[in-house]
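Colleague: Build me a structure from this.
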Amino acid sequence: MKKVFALAAAAAIVGGDVVAQEFPAKTIEVITHAGNGGGTDVTTRMMMIRARRELGTDMVVVNKRGGGGASAMDYYLTQDADGHSILTFTIGHSATVALGKTDMKLEDVRPIARGTDDPQILMTRCGVYDSAQAFVDAQKDEPLNYGTTHLGGIDDVSAFMFARRGELATPRIVPFEGGGELATQLVAGAVDVAVLNLAEAGSQIEAGDICPIVVLAPERMSGLPDVSTAQELGIDANFSTVRGFVVHADTPDDVAAKIEEALLNAMNHTVYQGFLTSVGLDASSVAGSEVWGNQLTSMQADMDAALRELGFIE
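Modeller: Residues are numbered from 1 along each chain as shown. Next up, the predicted model:
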């Protein structure tokens, strides 16, 4: 009997090796909820520049917009668990899962690698406030209009939690379709504050139209050394737009390991590292499946708790 089990185990190992050796056997699709040119779309494409060489096959982006990521996640569930489809997963997806807007559960995917850990930044038109403290003081009694992308996601959670933990007036939320439109509308005066990532308003910041005023992170960003954090203002509100990559939970181990190695090599290459620098981030954004998996679990729990606290989940 022991001989039978030994032969079976050996066959499984050999079979796994065969699967890994045969992978990839065709073009790999990377599915994202973002539109062309959005922050998540750009991050995905930058990862793919070198990942194609690492994996030795072509890779294409499949944009499935709608439902705060629900369309992309539900589409991904219909794909085979053979490693030929990868899902770009963000904190926005965690919100959509928590709200029950998708059939996907966190248990349906396994982590591969993290690509960015991008703090949320509160931005205003330049010259409106003399300091971060003046910005906070202005909200003690009267609410400001906060521009966000969509509702029930990381942006409005960030705005509400910043106000609540800072004992500020509850913000009025004005949603827009994307970060580019939001940055434009902030400059036009449609909102007082925009919740954005650095890359989403790079050109307006460079032009002096938009000024980052508070970073929602424990530490100052290397790309914004003069901008205060919420923590420095005595407000415990740390939120990031995290982007990473996952595959089906039942993807063969050796295939998942091959993808992880390829993506980490690609994102540690100078091409991707240069991209991180250009958007104010550094090499610490890139992490493997263990770190990324732990973050996915805690991120899902934090998002669920925040949405319950804010009344989005009963």
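Colleague: Surely Lys101 touches Ala70?
Modeller: Yes - shown here, Lys101 and Ala70 form a contact pair, counting by CB atoms under 8 Å, at 4.6 Å. All C-beta atoms are positioned from the backbone trio N, CA, C, and that covers glycine.
Colleague: more crowded one of those two?
Modeller: Taking neighbours as other CB atoms under 10 Å, Lys101 and Ala70 compare with Ala70 leading, 20 against 17.
Colleague: how close does that one get to Val191?
Modeller: Separation of Ala70 from Val191 (CB to CB, to the nearest Å): 26 Å.
Colleague: go on, Met48?
Modeller: 34 Å.
Colleague: And for Ile112?
Modeller: 36 Å.
Colleague: for the strand or helix carrying Val242, packing partners?
Modeller: Using DSSP states H and E, Val242 sits in strand 240-248. Counting contacts by 3 or more CB pairs under 8 Å, 6 or more residues apart in numbering; DSSP states H and E, strand 240-248 is packed against helix 39-55, strand 85-90, helix 91-98, strand 109-125, helix 253-267, helix 289-309.
Colleague: CSV for these, including distance to Gln133 and mean neighbour count?
Modeller: Shown next, in CSV, are the helices and strands packed on strand 240-248 (distance: least, CB to CB, whole Å; neighbours: other CB atoms under 10 Å):
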stretch, distance to Gln133, mean neighbour count
helix 39-55, 29, 21
strand 85-90, 31, 27
helix 91-98, 28, 26
strand 109-125, 13, 24
helix 253-267, 37, 20
helix 289-309, 25, 17
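Colleague: Show me the shaky parts of the chain.
Modeller: 1-21, 152 (pLDDT under 70).
Colleague: Outline the domain layout of it.
Modeller: Listed by the TED database, the domain ranges of the chain are 28-117+241-310, 121-233.
Colleague: These: which one's closest to Glu22?
Modeller: domain 28-117+241-310 (9.3 Å; CB to CB).
Colleague: Figure out the length between the terminal residues of that closest one.
Modeller: 39 Å (CA to CA, to the nearest Å).
Colleague: What of stretch 223-237?
Modeller: Using CA to CA, the two ends of stretch 223-237 sit 20 Å apart.
Colleague: how far does it sit from the chain's center?
Modeller: Here stretch 223-237 is found 20 Å from its chain centre; the criterion is CA atoms, centre = their mean, to the nearest Å.
Colleague: Return the set of buried residues in that stretch.
Modeller: 223-224, 227-231, 233, 235, 237 (16 or more other CB atoms under 10 Å).
Colleague: Need the max-distance pair from those residues.
Modeller: Gly223 and Ile235 (21.2 Å).
Colleague: would you list every one of the helices in the stretch 101-250 of the chain?
Modeller: Taking DSSP state H, counting those that start in this stretch as the test, the helices found in the stretch 101-250 of the chain are 132-137, 154-165, 179-188, 202-207.
Colleague: Can you tell me the element Ile31 falls in?
Modeller: Using DSSP H and E, Ile31 falls within strand 28-32.
Colleague: so what does that strand touch, helix or strand wise?
Modeller: Counting by 3+ CB pairs under 8 Å, 6+ apart, strand 28-32 packs on helix 39-55, strand 59-63, helix 70-76, strand 85-90.
Colleague: just checking, what packs against the second one?
Modeller: If I follow you right, that is strand 59-63. Taking 3+ CB pairs under 8 Å, 6+ apart as the contact cut, strand 59-63 packs with strand 28-32, helix 39-55.
Colleague: Distance to Leu182 added to the ones you listed, as CSV?
Modeller: Formatted as CSV, the helices and strands packed on strand 59-63 follow (distance: least, CB to CB, whole Å):
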stretch, distance to Leu182
strand 28-32, 19
helix 39-55, 12
